[in-house]
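*Asks:* below are the sequence and a predicted model; questions follow.
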Amino acid sequence: MNDVRREMIGGGAIARLTIEAGKGNILTAKLARELRDELAEVAAQPRLRAIVLSAAGKHFSFGASVEEHLPPRVAGMLGDFHALLRALLGSPIPVIAAVRGSSLGGGLELALACNRIIAAPGAQLGQPEVKLAVFAPAASVLLPARIGQSAAEDLLLTGRPVGAEEALQLGLVDEIADDPDARAVQWAEEYLAPLSADALRLACRAARTHYAADLTARLQELEDLYLREAAPSADGREGLTAFLEKRAPRYCHA
């Protein structure tokens, strides 16, 4: 069963991809592959000018699957998820993320790889990985590029979430709207749909060529660091296991 629903809007000018993966829209390796396939398929349509990425239910995403971050599945999980982020970063079509509720961990990384983020007033955005004794490879690259090094370190080193208003002040989101899905479509209809699809693809590629190349190269470095040091560490395994077992972690700090 596919966990991504596709809807074409405006005569094929806009594609809305909606994640429908159950409570919290947990990002699994399977879901990452499905999203990447959907992105490739819709991008092949010559009249497409925008992609809206949204999620069903109260929350955009609680983040990537914690179970799949434990050995022996972690390498496959990170490989599939980071391949999806690379596809978003290199997309020739502008992608707008419509965020509501919680957008945490991998959920925020997914939004960060998009061109624009529109959030609901009650949205909560954050990278809590450090609270599980690991770190966020993609956010460690994407957050500084979007909000600057100092603000990014605040979120990455504390794991604290920020509300929509603070996220707007930080530049983490571009706009707050009561209905971010509808606003994302409206924004695309107003600013992107009237444009030449061919010219827009060229402009998107030109704007992101060096940005995407730099970020994807550094992402690979941090994926390697995660697999080499974070994944096999005793505290990393304990933090993830404690979260799954709903108990306080017992760290050895080594």
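*Replies:* All right, it came through fine.

*Asks:* where exactly do the strands run in the chain?
*Replies:* 4-9, 14-19, 50-55, 95-99, 102-104, 116-119, 124-126, 162-163, 175-176 (DSSP state E).

*Asks:* buried deepest among those strands, which one?
*Replies:* Mean neighbour count (mean count of other C-beta atoms under 10 Å) peaks for strand 95-99 among these, with a mean of 28. Every residue, glycine included, has its C-beta placed from N, CA and C.

*Asks:* now do that one: which elements does it pack against?
*Replies:* On a contact count with 3 or more C-beta pairs under 8 Å, 6 or more residues apart in numbering; DSSP states H and E, strand 95-99 meets strand 50-55, helix 106-112, strand 116-119, helix 180-191.

*Asks:* where's the nearest residue to residue 133 once chain neighbours are set aside relative to residue 106, distance?
*Replies:* Closest residue in space to residue 133, ignoring its immediate chain neighbours: residue 239 at 3.1 Å, by C-beta to C-beta, 6 or more residues apart in numbering. Going from residue 239 to residue 106 by C-beta to C-beta, to the nearest Å gives 16 Å.

*Asks:* what is the burial count for the spatially closest residue to residue 64 that is not a sequence neighbour?
*Replies:* Distances taken as C-beta to C-beta, 6+ apart put residue 106 closest to residue 64, at 3.2 Å, once the chain neighbours are dropped. Neighbours of residue 106 under the rule other C-beta atoms under 10 Å: 29.

*Asks:* residue contacts, residue 151?
*Replies:* The contact partners of residue 151, taken as C-beta atoms under 8 Å, 6 or more residues apart in numbering, are 143, 170.

*Asks:* how does it look with 10 Å?
*Replies:* Residue 151 makes contact with 143-144, 162, 166, 169-172, according to C-beta atoms under 10 Å, 6 or more residues apart in numbering.

*Asks:* can you pull up the most central residue in this structure?
*Replies:* residue 110 (0.7 Å; C-alpha atoms, centre = their mean).

*Asks:* how far does the lengthiest helix in the chain sit from its chain's centre?
*Replies:* For the chain, the helix with the greatest residue count under DSSP state H is helix 197-225. How far helix 197-225 lies from its chain's middle: 15 Å, per C-alpha atoms, centre = their mean, to the nearest Å.

*Asks:* stretch 233-244 now?
*Replies:* 23 Å.

*Asks:* the longest helix of the chain - what's its average pLDDT?
*Replies:* Helix 197-225 comes out with an average pLDDT of 96.

*Asks:* contacting residues for the spatially closest residue to residue 120 that is not a sequence neighbour?
*Replies:* Distances taken as C-beta to C-beta, 6+ apart put residue 100 closest to residue 120, at 3.9 Å, once the chain neighbours are dropped. Contacts for residue 100 (C-beta under 10 Å, 6+ apart) come out as 54-55, 57-60, 118-124, 164, 177-181.

*Asks:* would you mind measuring from residue 100 to residue 241?
*Replies:* 30 Å.
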